[in-house]
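K.L.:
Here's a sequence, model it:
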Amino acid sequence: MPSILVLAASRAINAQELTALPSLGEVQLNDVTVATHSGNLNTADLAGSKFETAVSTGPSGHHTVSLLGVIANALAPGGKLIVQEDGSEDSLKKNLMLSGFTNTQIASQNGKGAGIITAEKPKWETGTKAAITLKPKAAAAAPATWTLDANEDEELVDEDDLLTEEDLQRPAPANGAADDCEVGAGGGRKACDNCSCGRADGVVQKLTKEMIDNPTSGCGSCSLGDAFRCGGCPYKGLPAFEMGKKIELPADFLLADLE
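P.N.:
Residues are numbered from 1 along each chain as shown. Got it, this is the predicted structure:
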């Protein structure tokens, strides 16, 4: 079977033109298969052929990705392609790469601007399968854990030993800063008239009859109702009233509550 495929863009090629092609100077013509008008070739035209070398010539832009794909399909794995074309070498090299060729090199360029570029078909055929040995995944490391010896004599700490004498003392009362308040008749401290330490808020005042007949208010809020009265207000629970005007007591109010 011929080992060299020659493709020409023209409709015919003579023996002199054939031997003038690159790499064909000393080749026997019996080893050559010629395909003219190569721009119209398709894969079926060269089906079953596996050439060792292909030589293709044509004008600028002749070697499209489609034509180069037909040539690649006709070459044996590792086969060599020699292309002679006028025009841009960069464009031709790009088409060779897109067609699957590798090791693309510029062999020479003549004075007329026609360059010669060589390329190779990969040493494997399209659709070739190969087994890939994947590196086994490393087993996940077990999470770190603590181990305790059941026979280990661990000394336990008594929580009470961590307390100091100061921790065991009873805390001072919240209003302890009011110890300079005036001493009352019973010997206990009582809130001052202008109390600012909070003792007055903790003392619940008793409601008297005088306070009912002639109500007054030091803060000005007692007459407005429970929503505005402090926690120790003696008027707590009574309706709103007018200052200096007797308070009308509700029917369920117990006079025994008055001092």
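
K.L.:
Strands along the stretch 101-250 of the chain, start to end?
P.N.:
102-109, 114-120 (DSSP state E, counting those that start in this stretch).

K.L.:
Select, out of the ones you listed, the one closest to residue 220.
P.N.:
strand 102-109 (100.4 Å; Cβ to Cβ). In this view, the C-beta of every residue, glycine as well, is placed from N, C-alpha and C.

K.L.:
which SSE is residue 76 in?
P.N.:
Here residue 76 sits within strand 75-86, counting by DSSP states H and E.

K.L.:
So for the helix or strand following that strand, what gets flagged as buried?
P.N.:
Counting by DSSP H and E, the next helix or strand C-terminal to strand 75-86 is helix 89-98. Judged by neighbour count using 16 or more other Cβ atoms under 10 Å, the buried positions of helix 89-98 are 92, 93, 95, 96.

K.L.:
Surely the first one touches residue 83?
P.N.:
Yes: with contact defined as Cβ atoms under 8 Å, residue 92 reaches residue 83; the gap is 6.5 Å.

K.L.:
what do those two both touch?
P.N.:
Common contact partners of residue 92 and residue 83 (Cβ atoms under 8 Å, 6 or more residues apart in numbering): 63, 117.

K.L.:
hmm, back to that, and the strands of the stretch 101-250 of the chain, which is most packed in?
P.N.:
Most buried of the strands of the stretch 101-250 of the chain, by mean neighbour count (mean count of other Cβ atoms under 10 Å): strand 114-120, with a mean of 19.

K.L.:
That strand packs against which elements?
P.N.:
The contact analysis (3 or more Cβ pairs under 8 Å, 6 or more residues apart in numbering; DSSP states H and E) places strand 114-120 against strand 75-86, helix 89-98, strand 102-109.

K.L.:
what's the angle from the second one to strand 114-120?
P.N.:
This points to helix 89-98. Helix 89-98 and strand 114-120 are oriented at 20 degrees to each other (axes from the mean of the first three to the mean of the last three Cα atoms, to 10 degrees).

K.L.:
What is the burial count for residue 62?
P.N.:
Neighbour count for residue 62, taken as other Cβ atoms under 10 Å: 20.

K.L.:
Need the phi and psi values for it.
P.N.:
Note on residue 62: its backbone torsions stand at phi -70, psi -40 [degrees, to the nearest 10].
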